Each structure stands twice: as structure tokens, then as C-alpha cells.
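**Student:** Have a look; sequence and predicted model below, questions after that.
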Amino acid sequence: MALKDGDIITLDYEGRTDGVLFDTTLEKVAKKEDSVVENRVYAPITVVVGDGRLVPGLENDLKKAKVGKTTEVTISPEDAYGPRDTKLIETMSVSKFRRLCPNAKGFVGEEINIEGKVGILANVYGSRVRVDFNPGLAGKELVFKYTVKSTIKKVDEKIKALFNAEYPSDEDFNINVKKGVASINLPERTKFDINWFQAKYRVVAAIRKHTDVTDIEFLEHYEGTKPETKKEDKKKTAKKSSKKSTNKSKK
């Protein structure tokens, strides 16, 4: 059965351009290509078909995919990150560049951030530098090899998948859905992570959009501990016991 908009799936993929791997969910592929990203967790990603988070060419091809079958598709720049736009290539003086990017090392190919825009230092010549603000894969033909691992059907599993898509968590956590109300026991890290305060609104929006849940409860659990007995109390107790034993001996 073909996939349709709104289906929630798990997906493994490897993407290449000009034969060079630029991204993958498969650690064995990354190791083979000597392109492992440090601290990255390699695992299938959660995708909502038709949600627009993948490049259009891959998004459209997914709708013809079958669960468990590996598919390869070649995507033109127009259906990927678009053609290169010369208007997004800026030339400036070295002095201006140094003022805007005081911490830049200044080598060709360096990724830099200028006034909130991410770009690549494309060229350095004399007293001028050229910065390219096009997406790194703009103008490139992409080849994706992908496998739809599963479609998620149960509502609690959908909620967990959507939660992890918006706020990745390695911790397991419980979800209970009853009469349209989802109660989510939050992972431990949310108590200390300032990113959670922004992510929770995305989590709520995703769950409401892609499930029939009407209300969402986030539950935090703090384990109780018994108060320690004060040393002074222990000493008083010890003295009272000593007095009682002394009085008994006098009798």
C-alpha cells in the first residue's frame, strides 16, 4: 500500500552528491565513508509524509515507497535545495569581514555566521573576500538511497515519535492516552534543559496536528527522600538513654 500525506513513518537513508556522502542515518555507512559525526546518534528518523521537512523530490518519491523496500532516487537541484543564486554571493573588504567575523580563521571553505546568516567563505583575493550564503547543497543533483522501516499506527507510539522528532531524547518515557487526553511523563532531562521550554510548544502543535488527541498533560516526577536525622537529635537521644540506664542502676 502506498504512503499518503499524514502517515508517520521511520526512515533510514543515505544521501550523496557527486558520489560523496553528505548525510546518513546509518552508522555503518558513515564509518565506511569515514564521515562519522561526533556525538551524533545514528538511528532511523521519524517523518510525517507531506509535512514538508524533506526536500520536495524525496518527499514526493516517498509516497510511492513500500515498507521494507530499499529505493534509490535521483533528485534535480530544482526539487532539492534549488539552483545557486548569485544574489546570495556577497563580496566585501577584508576589514569589513574581520569586523563582522572577528573569530573567523579566514580559510576558504570555512563556515561563518554574519549577522545571523550562515555562509561559506568562498574566496579570498587581495583585500577582498567573497562569502556564499547559498545552502551548501544548492545547485547540486542529489542521490538518495532510502528504506521506510515502519509506519506508526498506535496513538501512543505516534505521540512518542512526534515528541522525539521535535525534542530528541534517548530516555524512555511513558505515555497514557485516555478519552482523548494524552498524559506524558517527561524524560528526566527536560527538568534541566532550557531548550525544552521552546520545544514543548512544537511538541504540542505536532501532536494536535497529527493525532486525534484533544488535551495534553506533561507530568514531571520528583522522587522523595527521607530527611536525615540531625546529629544533635542523635546526641540528645543518646543522653536520654544514658540517663535512663544510670537511674536504673541507682535503683
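**Tutor:** Happy to help now that I have it. Quantities reported herein were computed from a predicted structural model and do not represent experimental measurements.
**Student:** On the three-state scheme, Ile216 is what?
**Tutor:** strand (DSSP: H, G, I helix; E, B strand; the rest coil).
**Student:** Can you give me the separation between the residue lying closest to it once chain neighbours are set aside and Asp7?
**Tutor:** The shortest distance from Ile216 to any non-neighbouring residue, by CB to CB, 6 or more residues apart in numbering, is to Ala182 (5.1 Å). Glycine gets a C-beta too; all of them are placed from N, C-alpha and C. Separation of Ala182 from Asp7 (CB to CB, to the nearest Å) stands at 20 Å.
**Student:** Compare neighbour counts for those two and give me the winner.
**Tutor:** Ala182 (23 against 19; other CB atoms under 10 Å).
**Student:** my guess is the more buried one meets Ile159, correct?
**Tutor:** Yes - if you go by CB atoms under 8 Å, Ala182 and Ile159 touch, sitting 5.6 Å apart.
**Student:** which neighbours do these two share?
**Tutor:** Residues touching both Ala182 and Ile159 by CB atoms under 8 Å, 6 or more residues apart in numbering: 175, 207, 211, 213.
**Student:** what's near enough to touch the first one?
**Tutor:** Yep, that's Ile175 we're talking about. Contacts of Ile175 (CB under 8 Å, 6+ apart): 156, 159-160, 182-185.
**Student:** Repeat that for Lys63.
**Tutor:** By CB under 8 Å, 6+ apart, the residues touching Lys63 are 2-5, 49-50.
**Student:** can you redo those residues as JSON lines with pLDDT and distance to Leu100?
**Tutor:** Converted to JSON lines, the contacts of Lys63 look like this (pLDDT from 0 to 100; distance: CB to CB, whole Å):
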{"residue": "Ala2", "pLDDT": "79", "distance to Leu100": "49"}
{"residue": "Leu3", "pLDDT": "89", "distance to Leu100": "45"}
{"residue": "Lys4", "pLDDT": "90", "distance to Leu100": "47"}
{"residue": "Asp5", "pLDDT": "91", "distance to Leu100": "42"}
{"residue": "Val49", "pLDDT": "93", "distance to Leu100": "41"}
{"residue": "Gly50", "pLDDT": "90", "distance to Leu100": "39"}
